[in-house]
Structures are given as C-alpha cells and as structure tokens.
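Asker: Kindly return the folded structure for what I paste below:
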Amino acid sequence: MTNRKGNVLKAVVVATTALLCLPVAHGQSDGAPVYSVGDSDIESRLTVLERQVKNRAEMQHRLQQQIDNMQLELDELRGAVEVHTNQLQKVLDRQRELYLEIDKRVEALKETAVVPAGAGGSVTIPATNTPTQASTTTATTTPAMSGLSESEAYEKAVNLILKSREYDKAIPEFQAFIARFPDSSYAPNAHYWLGQLLFNKQQWQNAAAQFDVVANKFSDSAKRPDALLKLGVIAEKTGDVAKAKQLFQQVINDYPNSSARKLAEARL
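Answerer: Numbering: from 1, shown residues only. Here you go, the predicted structure:
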C-alpha cells in the first residue's frame, strides 16, 4: 500500500513538472525566434528598397541628361537646317535671276538681229556683229556709258556683279544706266540690282528708294515680290515692325507661289 502511494506521488510530481516545463518550452520556441527573424527580414527588405530607389533615381537622372543632350542636338540640327535652307534659297534666287537675265538678253538679241536697211526692206545681222551695229544708236551719253547701247550698258553693269564682283563699281554703272534709259525693259532689274547693292552697304533709305520704284512703278516686273520682301526687311531693320509685317503679308497674299513668299513667312 505504501509502495502504491509512493508510485502515485512520483507520477503526480512527474506530471506536474512536465506541465510546468511546457509553457517555458513553448515560449522559447514561439516567442524569441519569431521576433528575431522578423526584425532581420524587415531590415533586409528596407535595404533592398533603398537600393532600388537609389538605382531608379540615378537612372532617371541619366535619362534626363540624355533627353537634355538630345534636345540640344535637335536645336543644333534645326539651326543647321535653317541655315542650309536659307543658303539653298539664295542659290535658287540667284539661278532664277540668271535665267531671267538670259531670257531678256535672248529677246534683246532677237529684236536687234533685224534692223532697217533704207528702202530695200531689212538685212539680217549676225549676233556677233550686234554690239558694233547697236553702238551707233544716237542717245544722250553719260561718262560711264559713252557709246554703249541699252543692252550693252546693262550687260556691262550686270557683269560687274556676276563676273568680276566689283560691287562698288557697279553702283555708278547702274545709276548711269537708269539715268540714260529710265523706261528700258531692263529698268526694273537695274533698280533692283542697285537697291541690292545699296542694301548690302546698309544704306537703308537709298536702297528702299530703289526697291520702292520696282514695287510701284514696275508692278508687272518679276522683281516686284523680291522688292517688296526687301522693303519689309529694311522696315524691320529700321525698327518699323508694323510696316514690315504688312509688307511680308503683302508678299504672301500677292505672290503665293513665289520663292519670296517662303522668305516672308519665315520673317513673320
């Protein structure tokens, strides 16, 4: 009996000890390890996020620099295109002027190829002899163009620009031509050339006077749109912006198919 009681007591003590040990073990297995693992995981995730944010910021900065560089290059390309466009336009204008000059010279040669020969009808004169025959034309001479015909005088003045490029000498030649042949078929071109020479010397008022003659006196001239354009440029350079806009708009409205229209639109 005593042994049975002792065994029972031992069993109770063992059971009680086991129950007391269970919460401690449970606390050790569930509590501390969970909190420790959670803190380290959060720190690692924060580190990763910070690294990603930093990388994205650096990437955005690099992209912005690339965009700025591309914008700068685009602006430079646009400027180069504008310069090349203006240069091309000048070349086209120069060619057009040369074609007009050639056409006028051909027409002049056709007109002077047949001259009266007394009462016996007409005599055909070779083109190579035209200057000699035409030089006998009676007209009031000037010191710069003494003995020259209308076409010869005009050709002499034009060649000073196109061939020898003696621009300062061309100015008095055109002035003499205009004074001697004010109603010539070459007069509009002569006024325009003279205006252009004075324009290049920045003599705005004198140049404007020549372009104004082309625009108002010779309204049917092929030089009129260019003359109006140059009048607008002169107005712009002298500070009369309203008049410049008016003239540029007039070129656009009156000559929509001309090369001067594109330049006027660019000025506007």
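
Asker: How much space separates residue 216 from residue 52?
Answerer: According to C-beta to C-beta, to the nearest Å, residue 216 and residue 52 sit 74 Å apart. Bear in mind the C-beta positions are built from the backbone N, C-alpha and C, glycine included.

Asker: average pLDDT for the strand or helix carrying residue 58?
Answerer: Under the criterion of DSSP states H and E, residue 58 resides in helix 32-112. The average pLDDT within helix 32-112 is 70.

Asker: cool, and stretch 222-229?
Answerer: The model assigns stretch 222-229 a mean pLDDT of 92.

Asker: List the buried residues for that stretch?
Answerer: Using 16 or more other C-beta atoms under 10 Å as the test for burial, stretch 222-229 gives 222, 223, 224, 225, 226, 227, 228, 229.

Asker: The third one reaches residue 213, doesn't it?
Answerer: No: the criterion here is C-beta atoms under 8 Å, and residue 224 misses it with residue 213 at 10.6 Å.

Asker: What segments of the stretch 101-250 of the chain are helices?
Answerer: For the stretch 101-250 of the chain, applying DSSP state H, counting those that start in this stretch gives helices covering 130-134, 150-162, 167-180, 187-200, 204-216, 224-237, 241-254.

Asker: okay, the ones you listed in JSON lines with distance to residue 57 next?
Answerer: Formatted as JSON lines, these follow (distance: least, C-beta to C-beta, whole Å):
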{"stretch": "helix 130-134", "distance to residue 57": "81"}
{"stretch": "helix 150-162", "distance to residue 57": "63"}
{"stretch": "helix 167-180", "distance to residue 57": "61"}
{"stretch": "helix 187-200", "distance to residue 57": "56"}
{"stretch": "helix 204-216", "distance to residue 57": "57"}
{"stretch": "helix 224-237", "distance to residue 57": "48"}
{"stretch": "helix 241-254", "distance to residue 57": "48"}
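
Asker: Compare those helices and say which comes out lowest on pLDDT.
Answerer: In terms of average pLDDT, helix 130-134 trails the rest of these, at a mean of 33.

Asker: Break this structure into its domains for me.
Answerer: Per automatic domain parsing, the structural domains of the chain span 31-124, 125-267.

Asker: In contact with residue 238, which residues?
Answerer: residue 204 (C-beta atoms under 8 Å, 6 or more residues apart in numbering).

Asker: Which pLDDT does the model give it?
Answerer: For residue 238, pLDDT reads 92.

Asker: All further residue positions should be reported with the first residue as 54.
Answerer: Yep, numbering from 54; the last one is residue 291 now.

Asker: Give me the phi and psi for it.
Answerer: Phi and psi for residue 291, reported as degrees, to the nearest 10, are phi -90, psi 0.

Asker: next one: residue 308
Answerer: When read as degrees, to the nearest 10, the backbone of residue 308 gives phi -130, psi 70.
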